[in-house]
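1. Mind folding the following:
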Amino acid sequence: METKRAGEIMIPLEQYPHVPYWFTLRQVIAEIEKSEFIIDGRLSVPRVVLIFDEKYQLMGVARRRDIMRGLEPEFLTAKPLHYRKRLFDVKIDPNLSEMSFDKFMKGIRERAERPISDVMLPIPTTVDYDDHLMKVIYEMTSNNVSVIPVLKEGRIVGAVRSVEVFREVAELVL
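-> This next block holds a predicted model:
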């Protein structure tokens with residue numbers, strides 16, 4: 001059995017969520033929420049969005065957790081992680097939490113208007129459309145990523161996710 005190439009297991013760019021860098025976190029959340037793939041009869045949702053500039057050059061990516069982190073209130077983001085964890089390790093009177101919920105939601109909605117470029121990450125690696133599955137596995141594991149953009153003739157044509165890579169590996173070893 002011959003193993004596949006990146007281009008054979010990628011999700012084409014037209015189907016994969018991608019946005020311009022000036023989109024707000026709210027707009028990106030909406031894009032991710034409406035993105036679903038049916039691959040081999042299974043419903044799958046994206047965990048990463050690709051981010052482009054005006055010339056359609058790939059600038060970065062944002063994972064769902066990066067977006068959620070971008071919604072954190074400012075008073076939390078300025079503090080070290082150990083301090084932030086302590087804030088949630090207390091018993092709270094349910095009546096007090098109801099009063100603060102509106103304030104909390106207002107803060108999230110305000111933070112959701114930030115541009116995605118505020119939370120995006122750089123692209124650590126790409127693979128070529130004709131790259132062998134083993135190269136894709138190597139790049140994913142050595143760069144600790146679950147999605148890799150796929151290039152063909154220097155342009156982004158899709159993305160390979162670890163889900164599809166793992167499925168290919170399973171077919172090879174099972």
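2. How is this protein partitioned into domains?
-> If you go by automatic domain parsing, the domain ranges for the chain are 6-68+115-173, 72-111.
3. I'd like to know which of these has the weakest mean confidence.
-> Across those, domain 72-111 has the smallest mean pLDDT, namely a mean of 67.
4. Nearest residue to the residue sitting nearest the centre point of the chain in space, ignoring adjacent ones along the chain?
-> When C-alpha atoms, centre = their mean is applied to the chain, the residue found nearest the centroid is Val48 (1.8 Å). Leaving aside its chain neighbours, Val48 sits nearest to Val147 (4.3 Å; criterion: C-beta to C-beta, 6 or more residues apart in numbering). Placement of C-beta: from N, CA and C, glycine included.
5. Leu50 too?
-> Spatially, and ignoring its direct neighbours in sequence, Leu50 is nearest to His18 (4.0 Å; C-beta to C-beta, 6+ apart).
6. Quick one: the strands in the protein, in order.
-> For the chain, the strands defined by DSSP state E cover 11-12, 18-20, 37-39, 42-44, 48-52, 58-63, 127-128, 147-152, 155-161.
7. what about the residue nearest to Leu50, distance to Glu153?
-> From His18 across to Glu153, the span is 18 Å (C-beta to C-beta, to the nearest Å).
8. ditto for Gln15
-> On the measure of C-beta to C-beta, Gln15 and Glu153 end up 20 Å apart.
9. between the two, which one's more packed in?
-> Neighbour totals were compared for Gln15 and Glu153, and Gln15 leads with 14 against 7 (other C-beta atoms under 10 Å).
10. Test my guess that that one contacts Phe37.
-> Yes. Taking C-beta atoms under 8 Å as the definition, Gln15 is a contact partner of Phe37 at 6.5 Å.
11. which residues does Gly60 bridge with?
-> Beta-bridge pairing for Gly60 (DSSP bridges): Ile51.
12. what about it, distance to Val127?
-> In terms of C-beta to C-beta, Gly60 sits 17 Å off from Val127.
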